[in-house]
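[1] The sequence and its predicted three-dimensional model are supplied below.
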Amino acid sequence: NAGVTQTPKFQVLKTGQSMTLQCAQDMNHEYMSWYRQDPGMGLRLIHYSVGAGITDQGEVPNGYNVSRSTTEDFPLRLLSAAPSQTSVYFCASTSIGYGYTFGSGTRLTVV
Amino acid sequence: AQSVSQHNHHVILSEAASLELGCNYSYGGTVNLFWYVQYPGQHLQLLLKYFSGDPLVKGIKGFEAEFIKSKFSFNLRKPSVQWSDTAEYFCAVNARNTDKLIFGTGTRLQVFP
């Protein structure tokens, strides 16, 4: 049982480049979320999904897109990376009655 | 909108000292409450959670938290900390009628031997 798997673990992008952060869970959880963690700001919700085909915006959605074509996968897309998106990104999933399970994170640097 | 406040940004303790980290939330409805811990270089791990029932919740590693509805608080406690408790602690709230988990800004705990 792998839990929540995030790839890649590290990434360096140039300003303007695009990329997709992958997130997969094997627990059949309905809810999946993406957060970014920045020093002194805790974790801020970017986007979340309550099930396949359904996504919604969190606190800081600008510059990011998501889709949820399957229950297992919830990729986060940066269309045109900016230095302000340098952060550590965490994916999380949960099901009703359980705590959230977090992935190991992706450390992204935009230069 | 729901929000979470953690007033202690950085706490420094000696081993065996008692710990209490404050967490207050703002939301008028029913909530689920969580404490997560993040050890250096690692991802978040669930310490404990409150959904309903007994407001005193016991978690892993000797931690506990008390939900006081009238104060909108969910403070984390441990009677005697260890050096291995050095980590960052996050309080989080999930309103029952939404699926969003909102975090506080975190409290960095340093425990010295």
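    Yes, it's here. Residues are numbered from 1 along each chain as shown, chains lettered A, B, ... in the order given.

[2] CA only for contacts and neighbour counts going forward, please
    OK.

[3] OK, contacts around residue 37?
    Going with chain A. Residues near A:Gln37 by C-alpha atoms under 8 Å, 6 or more residues apart in numbering or on different chains: A:43-44, A:87-90.

[4] Not quite, go with chain B.
    Contact analysis of B:Val37 by C-alpha under 8 Å, 6+ apart lists B:44-47, B:87-90.

[5] Quickly list what it is bridged to.
    Counting by DSSP bridges, B:Val37 is bridged to B:Gln45, B:Tyr89.

[6] separation between it and chain A?
    Using C-alpha to the nearest C-alpha, to the nearest Å, B:Val37 is found at 11 Å from chain A.

[7] Next, the residue of chain B found nearest chain A: secondary structure please.
    Closest contact between chain B and chain A, by C-alpha to the nearest C-alpha, is at B:Thr105 (3.7 Å). When classified by DSSP: H, G, I helix; E, B strand; the rest coil, B:Thr105 comes out as coil.

[8] give me every residue that touches the closest residue to it other than its chain neighbours.
    Nearest residue to B:Thr105 in three dimensions, chain neighbours excluded: A:Gly42, at 3.7 Å (C-alpha to C-alpha, 6 or more residues apart in numbering or on different chains). By C-alpha under 8 Å, 6+ apart, the contact list for A:Gly42 reads B:90, B:103-106.

[9] of all the contacts of B:Val37, which comes closest to A:Gly53?
    B:Leu44 (26.8 Å; C-alpha to C-alpha).

[10] So the closest one versus B:Gly53, what's the distance?
    25 Å (C-alpha to C-alpha, to the nearest Å).

[11] And for stretch A:67-80, what's in contact with it?
    Contacts with stretch A:67-80, where a contact means C-alpha under 8 Å, 6+ apart, come from A:15-26, A:28-30, A:32-34, A:49, A:51-55, A:63-66.

[12] same thing but at 7 Å, please
    With C-alpha atoms under 7 Å, 6 or more residues apart in numbering or on different chains as the test, stretch A:67-80 has contacts from A:16-26, A:28, A:30, A:32, A:51-55, A:63-66.

[13] of those residues, buried ones?
    When those are checked for burial by 16 or more other C-alpha atoms under 10 Å in any protein chain shown, the buried set is A:21-25, A:32, A:51-52, A:55, A:64-66.

[14] Might you report the residue contacts of B:Leu13?
    By C-alpha under 7 Å, 6+ apart, the neighbours of B:Leu13 are B:110-112.

[15] With B:Ser14 instead?
    B:111-113.

[16] That one pairs with what?
    Assessed by DSSP bridges, B:Ser14 has beta-bridge partners B:Phe112.

[17] again with the one 5 residues further on
    With DSSP bridges applied, B:Leu19 shows beta-bridge pairing to B:Lys78.

[18] and the residue nearest to B:Thr105, backbone torsions?
    The phi/psi pair for A:Gly42 (degrees, to the nearest 10) reads phi 70, psi -150.

[19] How about chain A: which residue is closest to chain B?
    Residue nearest to chain B within chain A: A:Gly42 (3.7 Å; C-alpha to the nearest C-alpha).
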